[in-house]
Each structure stands twice: as C-alpha cells, then as structure tokens.
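**Q** Using only what follows, build the 3D model:
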Amino acid sequence: MFGRIIGALVGREIDKRDGRGGLKGAAIGALTIGAMRRMGPLGMLLGGGYVAKKAYDRRRDAKRGGYPPA
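**A** Reported below is the predicted structural model:
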C-alpha cells in the first residue's frame with residue numbers, strides 16, 4: 001500500500017517538473033512501484049526520501065515568499 005502511494009507521489013512530482021502532465025508521470029510512477037518492490041525496504045526509503053525532499057523544498061520556498069525553481 002505504501003509503495004503505491006509513494007509511486008503516485010513520485011509520478012505527480014515528475015508531472016509537475018515536466019509541466020505538460022499526462023501519461024509520462026503515471027508511467028514513471030508505475031515503474032517506481034516495481035523498482036521499490038525489487039529493492040525492498042531500501043526502495044521504500046529512497047522513494048519516500050525523494051518525495052519528502054520535494055515537499056520540504058516546496059514548503060521552504062513558500063515560507064521565503066519566492067517561487068519554486070522551474
């Protein structure tokens with residue numbers, strides 16, 4: 001369950017970075033789920049760490065009043 005949530009969040013971050021949205025983020029999120037299953041707990045930590053860093057950076061930029069980098 002947690003792997004699917006993290007995969008969805010990773011896919012959403014890829015879509016935001018790309019700017020166009022669509023199938024690319026969903027495909028990368030699905031691949032992330034498969035990779036995390038093969039890596040076991042380490043994959044969960046890496047995927048969760050990526051999402052947490054993005055959330056931290058977004059919050060830090062919001063506090064500063066600036067816009068996140070494009």
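**Q** how about the helix or strand hosting residue 32: buried residues?
**A** Secondary structure from DSSP states H and E places residue 32 in helix 23-39. The neighbour-count check on helix 23-39 (16 or more other Cβ atoms under 10 Å) flags 25, 26, 28, 29, 32, 33, 36 as buried. Just so you know, the C-beta spots here come from the backbone N, C-alpha and C atoms, and that holds for glycine as well.
**Q** ok, now which ones touch residue 2?
**A** Neighbouring residues of residue 2 by Cβ atoms under 8 Å, 6 or more residues apart in numbering: 44, 48.
**Q** pLDDT at it, what is it?
**A** Model confidence at residue 2, given as pLDDT, is 70.
**Q** One more: residue 56?
**A** So, for residue 56, pLDDT stands at 90.
**Q** what's the answer for residue 66, then?
**A** The model reports residue 66 with a pLDDT of 64.
**Q** Please name the nearest non-neighbouring residue to residue 54.
**A** Spatial nearest neighbour of residue 54, excluding adjacent residues (Cβ to Cβ, 6 or more residues apart in numbering): residue 13 at 5.2 Å.
**Q** Could you check the host helix or strand of the one you found and say which residues are buried?
**A** With elements taken from DSSP H and E, the one containing residue 13 is helix 2-18. By 16+ other Cβ under 10 Å, the buried positions in helix 2-18 come out as 3, 6, 7, 8, 9, 10, 11, 12, 13, 14, 15.
**Q** Distance to residue 41 for the residues you listed - can I get that in a markdown table?
**A** A markdown table is the format used below for the buried residues of helix 2-18 (distance: Cβ to Cβ, whole Å):
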| residue | distance to residue 41 |
| --- | --- |
| 3 | 11 |
| 6 | 12 |
| 7 | 15 |
| 8 | 19 |
| 9 | 18 |
| 10 | 17 |
| 11 | 21 |
| 12 | 23 |
| 13 | 21 |
| 14 | 23 |
| 15 | 27 |
